[in-house]
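> got a structure for you, letters missing:
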């Protein structure tokens, strides 16, 4: 699929944009992707690995490399200097990250020719030391204007707020932004401070324009809703290249900012799409016209041989792990929708936790499920793609009133998707998304015996099986940490529980 708008102006062919000090033009092309999540090999539509017999396969690092090269060549033919921008969350989602901890992502991004990368929340999942090793290997600028890393020895001085590119009459200033929710949904450690993105943007715009006319591009890992608010709130922003919400924004969204229209795009997730945003720029840096190509990277695109060989080298030590078959499924369990409503995959994981803990309620966050499971043979590699965080089973006892508060937290971001959305076993409810946050859960019932449901009792103590991330207050579940009557965080790995559940289901059939 390609979506395209026509530009208003024409121009002469010019060389590619380079960091400041280069010569340039008033036309540009921004090639972009986001939320790759270690999908180095082709994926099915669900985001799971594209196994034998799959009807359609998309993406993969080698195919992305070809699409990037073709986008650059097309821009060059139109006289458009091109920038390749990545809006964050290259980390986590497959065994490539679990085993290599970011080094595979850095190598592939170098091969693609990434020119600026905005830190996403998942870049902090293994802490500052792993991120520091990635930055050292990346060799391209890593950005976050709303991150203060001065107190973290591993990262101090290694992350830039902005990056300026020049080409003759054009100066583009790229501003990196990271979701300020990162401390609640990842593991950045105690020394990093995430500040207000709007304030960071205002400061970056002022500094950019102090040097003269400029086109300000936000390379944002905030999510589409936050991008829209920021575009409407902060003057001086011209373009937002987004990430975090895994949204396919095509055609571009144009938001009326305080002093100019702002063009917003985002290229879905998992390397299924590659975006190209062409810009005609006025003398003051404003966008005079724009056009978009959003390309779905299907199997009709050849794989780049050099990048395919690079991926193969990183894949070699993973083969023994991911080939092991752990169960079978009659139908695929999709990942899509698990962050905004009940899903079969979430119910399976929550039930596996509930049974293992002997609890009344199983509770998994939708954001902890990173890929679907295929029909047919399910391998250990598939499980690790679905549950890549290394979370363990945790047990917590809460009063019914605290269970209600936790449920309201899980529903607080509706109707939009959110990683905190609760996937449950042994607890059911009716959600009213139009009601104010904190008042959305109705008809809450607990399964006290197979098939027997009773209303949640505010004063009764309930045993809950969850993961250690939520038990410690992650994703806004402060009640799990602060109102626990008793708690344990030392259970088995979730992927082991899911493996047992799939083995048991296969044996039962």
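Nice, thanks for sending it over. Please read all numbers here as calculations on a predicted model, not as lab measurements.
> following the helix or strand where residue 291 lies, which helix or strand shows up next?
When elements are assigned from DSSP states H and E, residue 291 belongs to strand 287-296. The first helix or strand that comes after strand 287-296 along the chain, using DSSP H and E, is helix 305-315.
> Show me what that following helix is packed up against.
Judged by 3 or more CB pairs under 8 Å, 6 or more residues apart in numbering; DSSP states H and E, the packing partners of helix 305-315 are helix 61-77, helix 95-100, helix 103-112. To be clear about C-beta, it is placed using only N, CA and C from the backbone, and glycine gets the same treatment.
> The helix or strand following it: which residues count as buried?
Heading C-terminal from helix 305-315, the first helix or strand you meet, by DSSP H and E, is helix 319-323. Taking 16 or more other CB atoms under 10 Å as the neighbour-count basis, helix 319-323 is seen to contain the buried residues residue 322.
> Mind giving me the packing neighbours of the next helix or strand after helix 319-323?
The element immediately downstream of helix 319-323 (helix or strand, assigned by DSSP H and E) is strand 325-329. Secondary structure elements in contact with strand 325-329, counted by 3+ CB pairs under 8 Å, 6+ apart, are strand 376-379, helix 494-508.
> and these, which one is worst for confidence?
Taking the mean pLDDT of each of the helices and strands packed on strand 325-329, the lowest value is held by helix 494-508, a mean of 77.
> what's that one in contact with?
When contacts are taken as CB atoms under 8 Å, 6 or more residues apart in numbering, the neighbours of helix 494-508 outside the stretch itself are 326-329, 348-349, 351-353, 355-356, 368, 378, 380, 383-384, 386-387, 391-393, 467.
> just so I know, which of the helices and strands packed on helix 305-315 lies nearest residue 425?
Relative to residue 425, the nearest member of the helices and strands packed on helix 305-315 by CB to CB is helix 95-100, separated by 25.8 Å.
> Which elements pack onto that closest one?
Applying 3+ CB pairs under 8 Å, 6+ apart, we find helix 95-100 packed against helix 103-112, helix 305-315, helix 319-323, helix 380-386.
> can you do 6 Å?
Applying 3 or more CB pairs under 6 Å, 6 or more residues apart in numbering; DSSP states H and E, one finds that helix 95-100 contacts helix 380-386.
> Check which element follows the helix it packs on along the chain.
strand 393-399.
> Going by neighbour count, list what's buried in that following strand.
Of all the residues in strand 393-399, those buried under the rule 16+ other CB under 10 Å are 393-399.
> Let's have the helices and strands packed on strand 325-329 in CSV, adding distance to residue 92 and mean neighbour count.
Formatted as CSV, the helices and strands packed on strand 325-329 follow (distance: least, CB to CB, whole Å; neighbours: other CB atoms under 10 Å):
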stretch, distance to residue 92, mean neighbour count
strand 376-379, 19, 18
helix 494-508, 14, 18
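> Between those, which one is closest to residue 234.
Distances from residue 234 to each of those were compared using CB to CB; the minimum, 40.1 Å, belongs to helix 494-508.
> Now do the domain split for the protein, please.
Structural domains assigned to the chain are 36-314, 324-508, following automatic domain parsing.
> For the helices and strands packed on strand 325-329, give me TSV that also has distance to residue 269.
Rendered in TSV, the data for those read as follows (distance: least, CB to CB, whole Å):
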stretch	distance to residue 269
strand 376-379	22
helix 494-508	22
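> who wins for proximity to residue 191 among those?
Nearest to residue 191 among these is helix 494-508 (28.3 Å), distances taken as CB to CB.
> so which of the domains of the chain is the most packed in?
domain 36-314 (a mean of 21; mean count of other CB atoms under 10 Å).
> now residue 488: how far from residue 350?
Distance, residue 488 to residue 350, by CB to CB, to the nearest Å: 18 Å.
> let me redo that: residue 439
From residue 439 over to residue 350 the distance is 24 Å, taken as CB to CB.
> hmm, back to that, would you list the domains of the chain in JSON lines and tack on distance to residue 29?
Shown next, in JSON lines, are the domains of the chain (distance: least, CB to CB, whole Å):
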{"stretch": "domain 36-314", "distance to residue 29": "4"}
{"stretch": "domain 324-508", "distance to residue 29": "30"}
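> Worst mean pLDDT among those domains?
domain 324-508 (a mean of 91).
> how close does the closest residue to residue 101 other than its chain neighbours sit to residue 91?
Ranked by CB to CB, 6 or more residues apart in numbering and with sequence neighbours excluded, the top spatial neighbour of residue 101 is residue 130, at 5.0 Å. Note on residue 130: its distance to residue 91, by CB to CB, is 8 Å.
> Then residue 27?
Look at residue 27 and residue 91: by CB to CB, they are 34 Å apart.
> How about residue 148?
If you measure residue 148 against residue 91 using CB to CB, the figure is 21 Å.
> can you check residue 222 too?
If you measure residue 222 against residue 91 using CB to CB, the figure is 17 Å.
> swap in residue 318?
With CB to CB as the criterion, residue 318 and residue 91 are 16 Å apart.
> by contact count, what packs against the one helix or strand residue 226 maps to?
Under the assignment given by DSSP H and E, the secondary-structure element containing residue 226 is helix 224-233. With contacts defined as 3+ CB pairs under 6 Å, 6+ apart, helix 224-233 has these neighbours: strand 239-242, strand 248-256.
> roughly how far out does that helix sit from the chain middle?
Distance of helix 224-233 from the chain centroid (CA atoms, centre = their mean, to the nearest Å) equals 18 Å.
> Tell me what angle it forms with strand 248-256.
Computed by axes from the mean of the first three to the mean of the last three CA atoms, to 10 degrees, the angle separating helix 224-233 from strand 248-256 equals 20 degrees.
> related to what we said a few turns ago, the helices and strands packed on helix 305-315: which one's closest to residue 335?
When these are ranked by proximity to residue 335, the top entry is helix 95-100, at 16.5 Å, counting by CB to CB.
> Excluding its own residues, what touches the closest one? List them.
Here helix 95-100 makes contact (CB atoms under 6 Å, 6 or more residues apart in numbering) with 38, 40, 91, 104, 314, 318, 322, 381, 384, 388.
> Quick check: of these, which lies closest to residue 169?
Within these, the smallest distance to residue 169 is 37.3 Å, found for residue 91 (CB to CB).
> Residue 35 touches residue 246, doesn't it?
Yes. Residue 35 sits in contact with residue 246 when judged by CB atoms under 6 Å, with a separation of 5.5 Å.
> Check which helix or strand residue 348 maps to.
Assigned by DSSP H and E, residue 348 belongs to helix 344-357.
> which residue ranges form the strands in the stretch 101-250 of the chain?
For the stretch 101-250 of the chain, the strands identified by DSSP state E, counting those that start in this stretch occupy 116-118, 142-143, 147-148, 162-167, 170-178, 193-194, 215-221, 239-242, 248-256, in order along the chain.
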